[in-house]
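*Asks:* Quick one: sequence plus predicted model below, questions after.
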Amino acid sequence: MTQQRMELAALTPRVYREMKRLEEAVAAELREAGVEAEIHELLKIRSSQLNGCGFCLDMHLGEARKSGVDERLIDVLPAWREMELYSERERAALALAEEVTLIHEDGVSDETWQGAEKVFSGTELAALVWAATSINTWNRLAITSRAQPPRRDSRSPE
């Protein structure tokens, strides 16, 4: 079993508060720009899947379900490229999020960028870049510290 290494919020509360403020600003920017909340949720889940961040997956899958994201979109997200369920905007945001997450491989391709420019305004696209960057930072913090989600209630079914 993996043990949490440290509690970053307790050890560096000022920096943690600022990171939370960044996340809140990113969410506000996305809303104000007109990016659908569902896209933000899918972006966070997909980046967390690629990074293997269990803590963030636990959190964002729960948040997506609570906010009403279509369960089918969540369930088949790893295979989004093969499914017709996703809108053109969702596809462009997911492609961008994947390339930002895996930026060390080939950067963000012109093809992906141009595809995103076709369906998002400059402001929307800038907000999506911040969103992808933010979730990747959270993933790295959670993975490094081995953050653990709250334990399941012992009375809940297994």
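*Replies:* Happy to help now that I have it. Model, not experiment: these values are computed from the prediction.

*Asks:* okay but residue 143 is in contact with residue 48, surely?
*Replies:* No: Residue 143 sits out of contact with residue 48 when judged by CB atoms under 8 Å, with a separation of 9.7 Å. Where you see a C-beta, it was placed from the backbone N, CA and C, and this is true even at glycine.

*Asks:* Those two - which one has more neighbours?
*Replies:* residue 48 (25 against 16; other CB atoms under 10 Å).

*Asks:* The closest residue to that one other than its chain neighbours - how many residues pack around it?
*Replies:* With CB to CB, 6 or more residues apart in numbering as the criterion, residue 48 has its nearest non-adjacent residue at 4.0 Å, and that residue is residue 56. Around residue 56 there are 24 other residues, counting by other CB under 10 Å.

*Asks:* Please tell me how far the closest residue to residue 27 other than its chain neighbours sits from residue 151.
*Replies:* The spatial neighbour of residue 27 that comes closest, neighbours along the chain excluded (CB to CB, 6+ apart), is residue 40 at 6.8 Å. Between residue 40 and residue 151 the distance, using CB to CB, to the nearest Å, works out to 27 Å.

*Asks:* Looking at these two, which is more packed in?
*Replies:* With neighbours defined as other CB under 10 Å, residue 40 and residue 151 compare such that residue 40 has more, 25 against 6.

*Asks:* Show me what the longest helix seen in the chain is in contact with.
*Replies:* Ranked by residue count, the top helix of the chain under DSSP state H comes out as helix 122-145. If you take CB atoms under 8 Å, 6 or more residues apart in numbering as the criterion, helix 122-145 is touched by 4-8, 19, 22-23, 26, 29-30, 33-35, 39-40, 43-44, 47-48, 51-53, 55-56, 93, 96-97, 100-101, 116-117, 120, 147.

*Asks:* May I see the buried residues of stretch 124-132?
*Replies:* Of all the residues in stretch 124-132, those buried under the rule 16 or more other CB atoms under 10 Å are 124-125, 127-132.

*Asks:* Out of these, which comes closest to residue 60?
*Replies:* Nearest to residue 60 among those is residue 131, at 11.8 Å by CB to CB.

*Asks:* Sticking with the residue nearest to residue 48, tell me its helix or strand.
*Replies:* helix 54-66 (DSSP states H and E).

*Asks:* which residues touch the helix or strand following that helix?
*Replies:* As assigned by DSSP H and E, the chain's next helix or strand after helix 54-66 is helix 71-75. For helix 71-75, contacts defined as CB under 8 Å, 6+ apart pick out 38, 42, 45, 61, 64-65, 85-86, 90.
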